[in-house]
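> Turn this into a structure:
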Amino acid sequence: RYTLHHTISQAWDLGRRVLAAQQEKADPVAAVLGTQPDGGLLCKGRISSVERDIVGHFLKGMLKITTKEGQVYSVDFQNENLVVKGPGGDVLATVPDLIAVLHADSGLPIFTERLVYGLPVALIVLPAPEILTRPEGAASFGPAFFGFKDVEHKKIGEQKLFSVW
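Have a look, this model is predicted:
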């Protein structure tokens, strides 16, 4: 009644997969991506820049990740990651899809207030629940809602729904 259907199951499964990967010395980022076939790895690298400020009641800013090859990806955030741009400035992902910065070694999420220079990270995107990609969902969770009027959400795929109970 108060959550999107199956999100508790998905969170539980994701945590279980990361824990198992850590215990088996496997790649925990791959374990996270394994929860949603339409999700993807955008880049792996190190945090090369973090700018943030408190605006109103929100932590707003921009994160830059530089890959081993020297490519720079940027992430605009407002308490959560909102828009990812690739090295050429093209928009690669937006809300309502889930954009996550994970610690490259542990697979654990790094929240915007914990982003620090030099940290090894993986930038991933997972598909949003279908209800959030509808026009009424986009009105409250899409890029325009957060001030990105010229950015259009491009759905990355379908969210795989399941229940663990």
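> Tell me where this protein has helices.
7-23, 28-33, 130-133, 135-141 (DSSP state H).
> I'd say residue 7 and residue 129 touch.
Yes. With contact defined as C-beta atoms under 8 Å, residue 7 counts as touching residue 129 (7.3 Å). C-beta coordinates here come from the backbone N, C-alpha and C atoms, glycine included.
> Name the residue in the two with the higher neighbour count.
For residue 7 versus residue 129, neighbours defined as other C-beta atoms under 10 Å are more numerous around residue 129 (20 against 12).
> Just read off the phi/psi values of the more buried one.
For residue 129, the backbone dihedrals (degrees, to the nearest 10) come out as phi -60, psi 140.
> Spit out the contact partners of it.
4, 5, 7, 96, 159, 161 (C-beta atoms under 8 Å, 6 or more residues apart in numbering).
> With residue 42 instead?
Contacts of residue 42 by C-beta under 8 Å, 6+ apart are 73, 84, 86, 92, 93, 123, 124, 125.
> between those residues, which is closest to residue 142?
Closest approach between the contacts of residue 42 and residue 142, by C-beta to C-beta: residue 93, at 12.5 Å.
> The closest one contacts residue 84, doesn't it?
Yes. Using C-beta under 8 Å, residue 93 is in contact with residue 84, at 4.4 Å.
> about what we covered before: from the contacts of residue 42, which is closest to residue 32?
Nearest member of the contacts of residue 42 to residue 32, counting by C-beta to C-beta, is residue 124, at 6.5 Å.
> Which strand residues bridge the residue nearest the centre of the chain?
For the chain, the residue nearest the mean C-alpha position is residue 99 (1.5 Å; C-alpha atoms, centre = their mean). Going by DSSP bridges, residue 99 is paired in beta bridges with residue 125.
> before we move on, the earlier item: give me whichever of the helices of the chain is most buried.
Highest mean neighbour count among these (mean count of other C-beta atoms under 10 Å): helix 28-33, with a mean of 21.
> in the protein, which ranges drop under the pLDDT threshold?
For the chain, no stretch is flagged by pLDDT under 70.
> if we can go back for a sec, as JSON lines, the helices of the chain with distance to residue 113 would be great.
Below are these laid out as JSON lines (distance: least, C-beta to C-beta, whole Å):
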{"stretch": "helix 7-23", "distance to residue 113": "20"}
{"stretch": "helix 28-33", "distance to residue 113": "21"}
{"stretch": "helix 130-133", "distance to residue 113": "24"}
{"stretch": "helix 135-141", "distance to residue 113": "21"}
